[in-house]
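Colleague: sequence isn't available, so here's the structure alone:
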């Protein structure tokens, strides 16, 4: 289960992201550690491109 504030790391670039908002239960808005945003078109897309960082709280 995903929630606002969960942290993820991009599998390709290694950049960190935080879930900022879920829109229409399909689109996820992420904020990167550099302040730039990223939009994904679903939870499956997030699972394919990123890995969840466990034990890290915002």
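Modeller: All right, it came through fine. Since the structure is predicted, the reported quantities are computational estimates derived from the model, not experimental observations.
Colleague: now stretch 5-15: buried residues?
Modeller: Within stretch 5-15, the residues that qualify as buried by neighbour count (16 or more other Cβ atoms under 10 Å) are 6, 7, 8, 9. Every residue, glycine included, has its C-beta placed from N, CA and C.
Colleague: same question but for stretch 32-52, I mixed them up
Modeller: 38, 40, 46, 50.
Colleague: re the thing from before, so which of the buried residues of stretch 5-15 are in strands?
Modeller: Among the buried residues of stretch 5-15, DSSP state E puts 7, 8, 9 in strands.
Colleague: for the spatially closest residue to residue 53 that is not a sequence neighbour, give its distance to residue 24.
Modeller: The shortest distance from residue 53 to any non-neighbouring residue, by Cβ to Cβ, 6 or more residues apart in numbering, is to residue 7 (4.4 Å). Plainly put, residue 7 is 23 Å away from residue 24 if you go by Cβ to Cβ, to the nearest Å.
Colleague: hang on, residue 39 in a strand?
Modeller: Yes: according to DSSP: H, G, I helix; E, B strand; the rest coil, the state of residue 39 is that of a strand.
Colleague: quick one, grab the pLDDT at it.
Modeller: The score at residue 39 is 93. That number is its pLDDT.
Colleague: so it bridges to which residues?
Modeller: Assessed by DSSP bridges, residue 39 has beta-bridge partners residue 29.
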